[in-house]
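Enquirer: just the structure for this:
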Amino acid sequence: MVGEAADGQEAIERAVELRPDAIVLDLVMPKINGMAAAERIKEALPNAAIVVFTAYESASLRKHADKNIDAVISMSEGLEKLETELKRLLSG
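Expert: I've put the predicted structure just below:
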C-alpha cells in the first residue's frame, strides 16, 4: 500500500492509518518537519523503516540523524540509491 502526504502532520496521520513497512520523508515539510515527524512515527510504528530523501547533502545529515531515522539519502544521489536503501532496510 502506498500513501502520500502534503505535510508532516498528515504524514504522521497517514503512517498510523496505513501502517507501512517503510516511510520516505523530506526534512523540510509544512507544519511539522521531517525530523519531528520521524520521531512521532517511530513512536507509533517502531518497526517501520524511515528514510529521509532530501535536497540537502546526505553525508553531513547522516552525522546528525537521530535514532528515529534509518537512512538519509540526498536527492543528488538519485532514486536508484533510494530504491537500493529501501530494499536493504526491508530485507533485514
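Enquirer: which stretches in this protein count as helices?
Expert: 8-18, 34-44, 58-64, 79-91 (DSSP state H).
Enquirer: outside of the longest one, which residues touch it?
Expert: This points to helix 79-91. 21, 22, 24, 49, 51, 53, 70, 71, 73 (C-beta atoms under 8 Å, 6 or more residues apart in numbering). Quick note: C-beta positions are derived from backbone N, CA and C, even for glycine.
Enquirer: just the ones of those residues in strands?
Expert: Using DSSP state E, 22, 24, 49, 51, 53, 71, 73 are the members of these that sit in strands.
Enquirer: those residues, buried ones only, as a PyMOL selection?
Expert: Taking 16 or more other C-beta atoms under 10 Å as the burial criterion, the selection of buried members of the ones in strands among the contacts of helix 79-91 in PyMOL is written as:
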select buried, resi 24+49+51+53+71+73
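Enquirer: and which of the ones in strands among the contacts of helix 79-91 is nearest residue 11?
Expert: residue 24 (9.6 Å; C-beta to C-beta).
Enquirer: great, nothing more from me.
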